[in-house]
Each structure stands twice: as C-alpha cells, then as structure tokens.
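Peer 1: need a structure here:
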Amino acid sequence: MNELLLQKVLSAQIKAGKAVDISVTGISMEPVLHQGDTVTVSACRDYAPGDILVYPYKGSLLVHRLLVRDGDLLFCKGDNAFRIEDIEAGREMGHVVAVNGRPLPRCPLRLIALSLAVGRAFRQCRYDVARTKETAVYRLYEAVILKGERETMIYRKNESMEYIQADETSLAVFDPDSGNTHFFDETGIDILNCLAEPCDLDGLLHKLCGIYDATPEDIRADVEEFLEQTIEKGVVEVL
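Peer 2: Numbering: from 1, shown residues only. Predicted coordinates:
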C-alpha cells in the first residue's frame, strides 16, 4: 500500500470514530515520543494547544504538537524539532491519546511557550539549526524541557542593552542591535535589578522573596514566565 493510500485509509478510519494505532518514526517528538513507540490516535471535535496531532504534510505523515490555533490555521511543531508547520484546520486526522497503551501525559503550558520561542528563534536565525542551538532560549528549552533538568541555568541582565528608567515604576530597555524597545513595570524592574549579578532561579527567587511578602513557590511560575519572555527578547542572558 503506497503512502498516500495509507494516509487516506487511516484518515477514513479515524474520522469514522475508530481509534487507530500507528508506529512513530524519527526523533522529532522526543522525549515524549520515541522511535518505535506505538501511539493511539482518535478524532476530536475541538483540538487545543498542547495536543499532539497527526496530519499529512508535504508528502509525509507528521505527529507533532499543536502550539497555536489562529482562525483556520493550526501551527504545530515537534518538541525536538525547530520548524513550525502551519496547516489548515480540518486537514488533521486526529490526536494522540495514548503511547504504548498508556494515556498521554498532560502537556505543561511552559513547553508550549518555550517551543514557540524556539521556532521563532529558528526563523530569526534564517533556519540555521547550529545558530539556533546557540541562542539563550534554545539552551533554556533544551535544559528544562528536553533534558528535564531542574533549573541549573545561570541568568544575568544583558548589560549591552540601554536601560532608561523614567521613575520607580517604569523602565524602557532599548536593544541597539535590533532597534526594539521593551517596557517593564515595577515588578520587572525588581527582577532585572536582582539579575545585575548572575544567579540561578532559586537564587533569584530568594532575592525576590526578600522584597515581596511571598514564598518561592508563590512566585515561581510568574518568574519563570518573565525569564522566558526576556530571554527571547535578549534582555536576560543565560550564562
């Protein structure tokens, strides 16, 4: 059976309400899916970011994660890949509900945000994988998502930026390389001030808890999100 006919048969079975098992090839979805894994695919009325979709793309059948839905377009990417694919809604065959007979674990929101950032970095690096791997956002993604490391990264405010603080609650950061200007409120100012000296996430949380009446776990998620966004903008560096 040729590839196109196989895709049509699979699509018809899934859309008829049948759960279908297919075998994974390649490493683009590691560490969630590995070469040789069997995934169970079924249809769904409404797919959400984080779902792993199965869809035809340029002659192949891809098993990649949905990151963003924008109108009739679905933007997907392999967790261990770089390029973001866009497909028209309705072309997807279904989504993965189990791996080797076990329910698929829930996708953390952080994975979606960082994976999108890696895709954007890949585009900004003119689709050069080696250059993308050198970016701070990819290094963060590799450490905490692909390798599952507890925060071991060291962060520092990027001193090559121009910092223009109008008052205690307003800061403009100008990037002389790109010409972009980023704005931060009082909380952002506090975090950047704490990053004047390099530190890891736990050290940063400890500093911030000395400023705010909070525990590290109270603010961890918000600080992680701030770091991800500022690393992508180049305001914070990963050492």
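Peer 1: Quick one, grab the pLDDT at the residue nearest the centre of the chain.
Peer 2: Centroid check for the chain by CA atoms, centre = their mean gives residue 115 as the closest residue, at 2.0 Å. pLDDT, residue 115: 96.
Peer 1: just residue 177 next, same as before
Peer 2: Note on residue 177: pLDDT of 88.
Peer 1: ok, back up a step: any idea which element the residue nearest to the centre of the chain lies in?
Peer 2: Element membership for residue 115, per DSSP states H and E: helix 109-124.
Peer 1: Equivalent analysis for residue 141, please.
Peer 2: Here residue 141 is assigned to helix 136-141, by DSSP H and E.
Peer 1: what do you get for residue 221?
Peer 2: helix 216-233.
Peer 1: tell me the contacts of residue 37?
Peer 2: Taking CB atoms under 8 Å, 6 or more residues apart in numbering, we find residue 37 in contact with 23-24, 99-100. Every C-beta, even on glycine, is put in place using the N, C-alpha and C of the backbone.
Peer 1: right, I mislabeled it, should have said residue 41
Peer 2: Contacts of residue 41 by CB under 8 Å, 6+ apart are 10, 14, 19-22, 54, 93-97.
Peer 1: now the residues you listed: which count as buried?
Peer 2: 10, 14, 20, 22, 54, 93-96 (16 or more other CB atoms under 10 Å).
Peer 1: okay, now residue 126: neighbour count?
Peer 2: By other CB atoms under 10 Å, the residues close to residue 126 number 8.
Peer 1: Kindly provide the distance from it to residue 57.
Peer 2: Going from residue 126 to residue 57 by CB to CB, to the nearest Å gives 21 Å.
Peer 1: How many residues are close by residue 143?
Peer 2: With neighbours defined by other CB under 10 Å, the count for residue 143 comes to 16.
Peer 1: buried stuff in the longest strand seen in the chain?
Peer 2: Counting residues, the longest strand found in the chain (DSSP state E) is strand 60-70. Within strand 60-70, the residues that count as buried by 16+ other CB under 10 Å are 61-67, 69.
Peer 1: for stretch 180-200, same thing?
Peer 2: For stretch 180-200, using 16+ other CB under 10 Å, the buried residues are 182, 184, 187-189, 191-192, 194-195, 199.
Peer 1: Please export the C-alpha coordinates of that stretch as CSV.
Peer 2: C-alpha atoms of stretch 180-200 as CSV (Å, rounded to 0.1, in the frame of the first residue of the first chain):
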residue,chain,number,x,y,z
ASN,A,180,13.5,47.3,19.5
THR,A,181,12.4,48.9,22.8
HIS,A,182,10.8,46.8,25.6
PHE,A,183,8.9,48.2,28.6
PHE,A,184,8.8,46.9,32.2
ASP,A,185,6.8,47.8,35.2
GLU,A,186,7.9,47.9,38.8
THR,A,187,8.0,44.1,39.2
GLY,A,188,10.0,43.7,36.0
ILE,A,189,12.4,46.4,37.3
ASP,A,190,12.9,44.5,40.6
ILE,A,191,13.7,41.2,38.8
LEU,A,192,16.2,42.9,36.4
ASN,A,193,17.8,44.6,39.3
CYS,A,194,18.2,41.2,41.1
LEU,A,195,19.9,39.9,37.9
ALA,A,196,22.6,42.6,37.9
GLU,A,197,24.6,39.8,39.5
PRO,A,198,24.4,36.3,37.8
CYS,A,199,22.3,33.8,39.7
ASP,A,200,20.2,30.7,39.2
